[in-house]
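S.K.: Kindly return the folded structure for what I paste below:
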Amino acid sequence: MNLTSNRFLLIVLIVIAALVGVSLSIRQSQVKGFQVGVVPGSLEALAQTTLSEGENSADVPMPLYEYGSAEGITDAFSKYSVVVAHPVSSSSYVWDSENQIIGTWYKFVIDETLSSRPFPVCDTCQASPSPPSSLTASTNELLIPKFGGVVTINGVTLTSNDPNFPSYQPSQSYLLFLEVDSTKRVGLLGAGPIAAFSVSSTGVLTPVTQMPSLLADQIAQTYGNSLSAIRTTLTGSTPTPTPTPTPCSVANQVINACTNNGGLWDPATCTCN
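M.R.: Next up is the predicted model:
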């Protein structure tokens, strides 16, 4: 290696060292600037630790929460409003930094209200939470809170996932047992994840959680996981009958041509297979 090559290599190494130094200096300044007034054990402290370790994301452990009860389908029908709805948007927030609680507000469009119950009001009843002022809902919408979500603090992405209660999917319809505060347009799943069921395109209900639940067991045993059956019970309406297929009527020559050429005539569909 000649002198010119050695000089070029030295310049490259100096440039790399300078870039690394600048990067470390920026990160250290971020950490130092972030240390002021940080509460130990808070989300800000977690973000600070994550940043000091050279990372830009971290998982936040999900605490265990106690929800209200739903002692079977009769109890759920008597306590909660029952709706079919789908989410159209979601926003995550820091709900309690010191206890590392992240939450998400979902906006749902109500597709069908199967039954309505008044929001519980009593001396020991808790008031419904107030959504952020930036969130609004019209008369056919509800704002539904849920623990878990993703927030960014000082450039660090913090993710909190509830293994027993997956995030709502925007293209999915749900059957929900809710406490509805119509003044705030807020809906609460008082019984937690056991009070939410996904609805298939054919009206089949599936619990969103793997947690054992008498409610889910009785919906399966009594209603065959059928939204239509629950709708009939709650509203008294009869499902729209499936139209009777029009009888197949074709000339015998068509049928004979099918069978003579080795085909199999299907009278249900009027086709030669």
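S.K.: what bits of the stretch 1-150 of the chain have low per-residue confidence?
M.R.: 1-36, 68-69 (pLDDT under 70).
S.K.: quick one: I194 and L215, what's the gap?
M.R.: 6 Å (CB to CB, to the nearest Å). Quick note: C-beta positions are derived from backbone N, CA and C, even for glycine.
S.K.: Over to S57?
M.R.: For S57, the distance to L215 equals 36 Å [CB to CB].
S.K.: who's more crowded, the two?
M.R.: L215 (22 against 13; other CB atoms under 10 Å).
S.K.: For the more buried one, give me its contacts.
M.R.: Counting by CB atoms under 8 Å, 6 or more residues apart in numbering, L215 makes contact with 70, 72-73, 76, 177, 191, 194-195.
S.K.: make it 6 Å
M.R.: Counting by CB atoms under 6 Å, 6 or more residues apart in numbering, L215 makes contact with 70, 76, 194.
S.K.: Restricted to strands, list those.
M.R.: Among those, none falls in strands (DSSP state E).
S.K.: and the nearest residue to L46 once chain neighbours are set aside, how many neighbours?
M.R.: Once flanking residues are discounted, L46 sits nearest to A58: 6.0 Å by CB to CB, 6 or more residues apart in numbering. By the measure other CB under 10 Å, the count of residues near A58 is 17.
S.K.: who does A58 bridge with?
M.R.: L158 (DSSP bridges).
S.K.: which residues touch it?
M.R.: A58 sits next to 46, 50, 158 when contact means CB under 6 Å, 6+ apart.
S.K.: 7 Å instead, please
M.R.: By CB atoms under 7 Å, 6 or more residues apart in numbering, the contact list for A58 reads 46, 50, 156, 158.
S.K.: Output these as a markdown table; include the columns distance to C122.
M.R.: Formatted as a markdown table, these follow (distance: CB to CB, whole Å):
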| residue | distance to C122 |
| --- | --- |
| L46 | 38 |
| T50 | 43 |
| V156 | 42 |
| L158 | 36 |
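S.K.: Return the member of those nearest to I219.
M.R.: L158 (35.6 Å; CB to CB).
S.K.: quick one: contacts for the closest one?
M.R.: Residues in contact with L158 (CB under 7 Å, 6+ apart) are 43, 46-47, 58, 60, 102, 151.
S.K.: Could I get the pLDDT score of it?
M.R.: L158 is assigned 97 on the pLDDT scale.
S.K.: residue closest to the middle of this protein?
M.R.: In the chain, the centroid-proximal residue (CA atoms, centre = their mean) is Y168; its distance is 1.5 Å.
S.K.: beta partners for V204?
M.R.: S226.
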